[in-house]
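Enquirer: got a structure for you, letters missing:
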């Protein structure tokens, strides 16, 4: 996402995370001087405030905030096929409750406070009037898994992404008086640090799982993000943008 924005006209792109080395490596992939890494922890209100002050001192405003942090939490991969009631109960009961709760802390609570922390900079972005007919926007990264009923990742993860979807809708309503839009982006299978696709066959995925027959590519993500953030997507507000190659269409879901 950062590379796409930096390579397509964004004057400055900030990326925030806890691991300095990872941030610097990511920043180096963009055009020279366009991506600035800022070390920070989105689960800490104090750290968020510090990050906001750094950006405020350098630019005075932002036009776009992408809340992209997320963790998976306890998986369901160890659950046997067709378990008995007792086996299902024991499997779920033995999940680490702290790890389960931490998913909501990162994927929901931290997302909420990240958006709140940057509101004044987003408002300043509107007042700067440097993105005519587009305005300031928040994008919350959700997941196509938010709609799944037959869970293949983790129950905490899927339900946290359901909450992320509704949080985007709530923000779209509550931030409307300030002319700040909010949408959610719900990707399907994309290769990432969080998502290992080797168990699905790598980039080529059976059409029974994904009608497109493949995982999403960098080009797929770039195109979606540029549409959402450009004049082309400026009339979109309060929406969940699904980029999943058709996964939700063939998977038991609540979409």
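Expert: Yes, it's here. The model shown is predicted, which means the values in this text are computed figures rather than measured ones. Numbering: from 1, shown residues only.
Enquirer: All the helices of the stretch 151-255 of the chain, residue numbers only.
Expert: Applying DSSP state H, counting those that start in this stretch to the stretch 151-255 of the chain gives helices spanning 155-174, 218-229.
Enquirer: contact partners of the last one?
Expert: Just to be clear, that refers to helix 218-229. Taking C-beta atoms under 8 Å, 6 or more residues apart in numbering as the criterion, the residues outside helix 218-229 that touch it are 1, 3-5, 8, 64, 134, 137, 139, 183, 185, 187, 190, 232-233, 236, 241, 243. Placement of C-beta: from N, CA and C, glycine included.
Enquirer: Is residue 131 in contact with residue 125, as I believe?
Expert: Yes: applying C-beta atoms under 8 Å as the test, residue 131 and residue 125 come out as touching, 7.2 Å apart.
Enquirer: on that earlier part again, sort out which of the contacts of helix 218-229 are in strands and list them.
Expert: Using DSSP state E to define strands, the subset of the contacts of helix 218-229 located there is 64, 137, 139, 183, 185, 187, 241, 243.
Enquirer: Of the helices of the stretch 151-255 of the chain, flag the one that's most buried.
Expert: helix 155-174 (a mean of 20; mean count of other C-beta atoms under 10 Å).
Enquirer: Give me the helices and strands touching that helix, please.
Expert: The elements that helix 155-174 packs onto, with contact taken as 3 or more C-beta pairs under 8 Å, 6 or more residues apart in numbering; DSSP states H and E, are helix 97-104, helix 110-117, strand 136-141, strand 180-187, strand 240-243.
Enquirer: dump the residue contacts of residue 204.
Expert: By C-beta under 8 Å, 6+ apart, the residues touching residue 204 are 213-215.
Enquirer: From those residues, keep the buried residues only.
Expert: 214-215 (16 or more other C-beta atoms under 10 Å).
Enquirer: Make JSON lines from the contacts of residue 204 and add pLDDT and distance to residue 112 to it.
Expert: Rendered in JSON lines, the data for the contacts of residue 204 read as follows (pLDDT from 0 to 100; distance: C-beta to C-beta, whole Å):
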{"residue": "213", "pLDDT": "93", "distance to residue 112": "37"}
{"residue": "214", "pLDDT": "92", "distance to residue 112": "34"}
{"residue": "215", "pLDDT": "92", "distance to residue 112": "30"}
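Enquirer: So which of the contacts of residue 204 is the closest to residue 115?
Expert: Each of these was scored against residue 115 by C-beta to C-beta, and residue 215 proved nearest at 28.8 Å.
Enquirer: If we ignore the residues flanking it in sequence, what's nearest the closest one?
Expert: With C-beta to C-beta, 6 or more residues apart in numbering as the measure, residue 189 is the residue that lies nearest to residue 215, at 4.4 Å, once sequence neighbours are left out.
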